[in-house]
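Engineer: give the three-dimensional model of this entry:
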Amino acid sequence: MGEYSVSAATRNAIYRASRTLFYMKGIDDTSCRDIGYAANVNKSLISYHFKSKNAIAELVLRDFVKSMVDAVEERWGTEASEHAVRDTLVELMMFRLLSTNHNICRFYYEIQSEAFTFEDSTFEIQINVMREYAADCGVEISESQLNTVTAMVQGTERELVRLVFCGLLNESIEDMVRRDVSCCFFLIGAESDQVQRWIDDAFRLAEGLTMVCDDTFTCRIVNV
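Structural biologist: Sure thing, here's the model as predicted:
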């Protein structure tokens, strides 16, 4: 029991230190030596508990995405009972966050730009979102079709994140998100009027609000 507690404490210390460093410095500029020093452990324990630095980054990504969804559900609850409205809110809040928090945007940009390193994790997250979109639309779609659509959407999101991170987006976050979400639904096969209603409902609920995130990658919805 004692050995297990020590092992769990070490793993948690490594994860917390990595998460903070990823926020402050980014993934690329954080070394295993940095993590070991911040966690007060030998850096060899990182590979023992997590295999690699990038494996930790994948866990942080999953926790970050979950925190965004949780923040949206906590703020709007039954007001966004339709998955399509909730997912649109998540996308809108995420890009509002990325446009105002450079540290979070850098982390997400590094995840998106390292396509081969993090491809499995980001694809799994995106395909689950697209699967929900199909369910929202009442559309039956095969796994092969879903894979193709997800690959198209993932490529688009990767480029949009790059534009936001590099300050190259030439329209508002709101206009961009409208185009992005509309494209996702249309690729699935949703009807235009239905999509417009979902997006309008989400934007109405999101008026005057944005998302913030701290160095623990915990997200909250706040007034602008």
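
Engineer: which residues of the chain score low on pLDDT?
Structural biologist: Across the chain, residues meeting the criterion (pLDDT under 70) sit at 1-4, 6, 115-116.

Engineer: quickly find the element holding Ser67.
Structural biologist: Following DSSP states H and E, the helix or strand that holds Ser67 is helix 53-76.

Engineer: repeat for Val222
Structural biologist: strand 219-223.

Engineer: is it true that Leu89 touches Asp201?
Structural biologist: No: contact criterion Cβ atoms under 8 Å: Leu89 and Asp201 do not qualify, at 9.1 Å. Just so you know, the C-beta spots here come from the backbone N, C-alpha and C atoms, and that holds for glycine as well.

Engineer: comparing these two, which residue is more hemmed in?
Structural biologist: Shown here are Leu89 and Asp201; by other Cβ atoms under 10 Å, Leu89 has more neighbours (29 against 17).

Engineer: contacts only, for the more buried one.
Structural biologist: Counting by Cβ atoms under 8 Å, 6 or more residues apart in numbering, Leu89 touches 72, 76, 80, 202, 205-206.

Engineer: what's the answer for Ile35, then?
Structural biologist: Ile35 touches 14, 17-18, 21, 43, 46, 53, 56, counting by Cβ under 8 Å, 6+ apart.

Engineer: likewise Arg33?
Structural biologist: Lys43.

Engineer: distance of the most centrally placed residue in the chain from Ser44?
Structural biologist: In the chain, the residue lying closest to the centroid (Cα atoms, centre = their mean) is Val65, at 4.0 Å. Separation of Val65 from Ser44 (Cβ to Cβ, to the nearest Å) stands at 30 Å.

Engineer: repeat that for Arg19.
Structural biologist: Where Ser44 is concerned, Arg19 sits at a distance of 20 Å (Cβ to Cβ).

Engineer: neighbour-wise, which of those two wins?
Structural biologist: Arg19 (21 against 9).

Engineer: mutual contacts of Leu89 and Asp201, please.
Structural biologist: Common neighbours of Leu89 and Asp201 (Cβ under 8 Å, 6+ apart) are Ala80.

Engineer: show me where the protein has its helices.
Structural biologist: For the chain, helices defined by DSSP state H occupy the ranges 2-25, 32-39, 44-50, 53-76, 83-100, 102-113, 115-137, 143-165, 173-188, 192-206.

Engineer: most tightly surrounded among those?
Structural biologist: Comparing these by mean neighbour count (mean count of other Cβ atoms under 10 Å), helix 83-100 ranks first with a mean of 22.

Engineer: tilt between that one and strand 219-223?
Structural biologist: 80 degrees (axes from the mean of the first three to the mean of the last three Cα atoms, to 10 degrees).

Engineer: helix 53-76 and helix 83-100, what's the angle between them?
Structural biologist: 120 degrees.

Engineer: now do helix 83-100: distance to the chain's middle.
Structural biologist: 10 Å (Cα atoms, centre = their mean, to the nearest Å).
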